[in-house]
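> Sequence and predicted structure below; questions after.
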Amino acid sequence: MRKWMGIPLALLLIIGLHVSAWANSELHTGGRLFFSLWDVSNPNRLTAIVVTRQAMREGATIEQVRNQWRISGNPGKCLPRGANGSTSNVNRTDLGGTASNPIFVDDVHFEYYGQSCLRVDEIIHMSCGDTDMIILTSPESTIPPRAVFSALLENGITRGALDVHLITNGSGDLKQRKLENSLMGHAFIADPGEGWVANYDAASAKSASCPRCDEIDSGTEVGYENYPTEVYLPVALPDGTRTTGTGYLGTLLSLWAPTLLPGGTMSSDFTVEFTWWDGRERPHVGDFRDHSVVKFLGTGTALDSRFNLENFTCGHTTDADQAENDGKPRDGIGIGGAGCDPPSDPSVHNDADHPSDNFDTQFSTPIGWWRFQLAGDDQPVPAAGPNSVRSGRGLVGVVLTSPSPEADPEEFTGQAVAARLWHEDPCEIAQSGDTIGPPHKGHGQISDENVALFNTFSSFRQSILCGLIRLQPFDPHIILPGPEK
C-alpha cells in the first residue's frame, strides 16, 4: 500500500496523544473509579493501574466524624509518614489495632472484570496522601502476575475492565467513611516489545448519600454519580490505516456498562446501538449485544467491518456499505489512487460543492466519528422504590489505537493513543434525543439520592428531575411517572 497518507495521519496521531485529557469531564476526585481497559494480550504487554488518594485537609467546620480521616498531628489519624514517631501512614489504632495486628480502615476495593463473565477482586490498603501502582501482566511476562489476577489469566482472559471504590472493614459510621471523595486514577498500557505506551484517565464518580441504596445490595446508604448511557468517539482512523513508520493501525474499542453500584456482577448482556459517520457525514448503523464489547472497530471479529481502510473511497459512492473520505474527490477513485492526492493545479483548490471540508489543499483522508447508545440490558431492576424501571447501568469506554499485530515490527516507532469516550453534559439531551446526560452531585435541585438512582428512572422522570418537562402539581405523574422504559 502506498504511504500517501503518512504525513497528515502521523500528525493526527501525535495530536491525539492529548485527546484523553480534553475528553474527560470527570477529572475530579471521587469515591469510585472505573478503568475501561486493561490489556495483557501478549507476553510483552502490561497495564499499570495508578490510584491516588489525596490527603484530606478539611477544616474545623467539617463534622468531627470526617475529621477522623484528614491529615492531622494527632496519633492514630491519617499522619504524614513518620510524623510523631509513626512508622507507617496506615491507620492502625483508631479501632483498637496494634502494630503487630493492624486494623485497616483505609481500604480500596478492586473488582477485575474479564472479557468473559469471570471476575475476581482484591483489597488494596491505602492511607491519606497515598499513591499505588498495580502492575497487571500476562503469565509469560518477566514480571510475575498478581496472585488474584492469575485466576483470570488461567482462563485465557487477556483484556478487561476494573472497578475501584472506597470501602471500610471497621466499625462506626460506615456511611461517612465511604462518602469520602478522595480517589484519582490513571492507566498506562505499554508494549515494550512493540515500542509504545498509551494512557487514559479513569472515569471518576463522586459518592452521594443514598438511603435507599442499602436496599439494593445490603450495603451502606451510599450511592454514586451515574455513568452516561450515550457516549461518543469524536475521531477514529479506520483499521488498516498506515502511517509512516507505524505499520497498520488497529482501533480496539473496550466498552463496558458498569453497574449502578461498584463491584456488581456484569455477566448479564446489554445492547449497544451505534452509528458512525464517515468523512462525508454519511451515517452507518449497527448494534451489538454482549456483556462487554472488546473488539476492533473494523478488523478481525470487527464491531463493523465497514470501518476499514479497504471500504473507504476517495470519491463519491452510492454504495451504502462503503464509506467516503474527508476531502475533495479528485480525478480517479480508489484506495491510494489519484483521487486521494492533492490537486497539482492550485487553481482547482476550491471545492464549492463541499464547503465544510477543510482538507481541500491536502489529502483526501479516511476518518470517522462514532456514537454508542445503551439500548437496554438484562440486569435486574434494583429494589429502590416504585420509580425504578431500569437497572441503572451506564457506559464507559476507551479506544486504544496502536499498530496491529500484522505490522512489521521493525517499523514500530512508539505511536499509540488511548482516548476516553465523551458524553453529554449533566441534564442535557443527548445527540440521539433518547437519553439525558446524568446529573452530577450538587447539580441544580436534584437530591443526592436521585443523582445516585438517576439511571434507574424512566426518561420521563429523568426529564422532570432535570427540569426538561414541567407538570402541574396535581398531575399524578409527578409521583408515579408511568411504565415507560
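On my side now, so go ahead. Since the model is a prediction, treat every value here as computed from it, not as a measurement. Numbering: from 1, shown residues only.
> I'd like the distance between the spatially closest residue to R282 that is not a sequence neighbour and F270.
Using C-beta to C-beta, 6 or more residues apart in numbering and skipping residues adjacent in sequence, the residue nearest R282 is E324, 6.1 Å away. Every C-beta, even on glycine, is put in place using the N, C-alpha and C of the backbone. Using C-beta to C-beta, to the nearest Å, E324 is found at 31 Å from F270.
> Over to T29?
Per C-beta to C-beta, T29 is found 28 Å from F270.
> wait, isn't the residue nearest to R282 in contact with H316?
Yes - counting by C-beta atoms under 8 Å, H316 is a contact partner of E324 at 6.3 Å.
> intersection of neighbour lists for the two?
Common neighbours of E324 and H316, using C-beta atoms under 8 Å, 6 or more residues apart in numbering, are R280.
> Looking at these two now, which is surrounded by more residues?
Applying other C-beta atoms under 10 Å to E324 and H316 shows that E324 carries more neighbours, namely 21 against 16.
> So what sits opposite that one in the bridge?
Partner residues in beta bridges with E324, using DSSP bridges, are T313.
> same question, T271
Going by DSSP bridges, T271 forms beta bridges with R289, G376.
> Over to V222?
S209.
> Also the one 10 residues further on?
Residues in a beta bridge with Y232, per DSSP bridges, are R371, W422.
> out of T29 and F270, which sits in the busier spot?
F270 (23 against 18).
> Pull out the buried positions in stretch 118-125.
For stretch 118-125, the neighbour count (16 or more other C-beta atoms under 10 Å) marks L118, R119, V120, I124, H125 as buried.
> Can you name the residues in contact with it?
With contacts defined as C-beta under 8 Å, 6+ apart, stretch 118-125 is touched by 51, 90, 104, 106-113, 132, 134, 146, 148-149, 151-152, 155, 157, 167, 169, 263, 265-266.
> okay, now the closest residue in space to P43 that isn't next to it in sequence: neighbour count?
Using C-beta to C-beta, 6+ apart and skipping residues adjacent in sequence, the residue nearest P43 is E140, 3.7 Å away. Neighbour count of E140, defined by other C-beta under 10 Å: 11.
> Which helix or strand contains E140?
Following DSSP states H and E, there is no helix or strand that holds E140.
> same deal with I469?
Judged by DSSP H and E, I469 forms part of no helix or strand.
> And the helices in the stretch 51-200 of the chain, which stretches?
Taking DSSP state H, counting those that start in this stretch as the test, the helices found in the stretch 51-200 of the chain are 64-67, 150-153, 174-178.
> low-confidence ranges in this protein?
1-26, 55-106, 168-177, 243-247, 328-363, 404-414, 471-485 (pLDDT under 70).
> Wait, a helix at E310?
Yes - assessed by DSSP: H, G, I helix; E, B strand; the rest coil, E310 belongs to a helix.
> Start at 594, not 1
In the new numbering, first residue 594, that becomes E903.
> what's the distance between it and S720?
E903 sits 54 Å away from S720, taking C-beta to C-beta as the criterion.
> between the two, who's got more neighbours?
Neighbour totals were compared for E903 and S720, and S720 leads with 20 against 16 (other C-beta under 10 Å).
> Surely the more buried one and R646 touch.
Yes - contact criterion C-beta under 8 Å: S720 and R646 qualify, at 7.2 Å.
> How about the contacts made by A801?
A801 sits in contact with L772, V815, G816, Y817, E818, K1034, D1041, E1042, V1044, A1045, where contact means C-beta under 8 Å, 6+ apart.
> how near is G1030 to T640?
29 Å.
> now H702
H702 sits 18 Å away from T640, going by C-beta to C-beta.
> And R625, how far from G856?
If you go by C-beta to C-beta, the gap between R625 and G856 works out to 9 Å.
> Find residues that contact each of the two.
Counting by C-beta under 8 Å, 6+ apart, the common neighbours of R625 and G856 are D756, H758.
> Please say which of these two ends up with more neighbours.
R625 (28 against 20).
> Test my guess that that one contacts G857.
No - counting by C-beta under 8 Å, R625 sits too far from G857 to count as a contact (11.7 Å).
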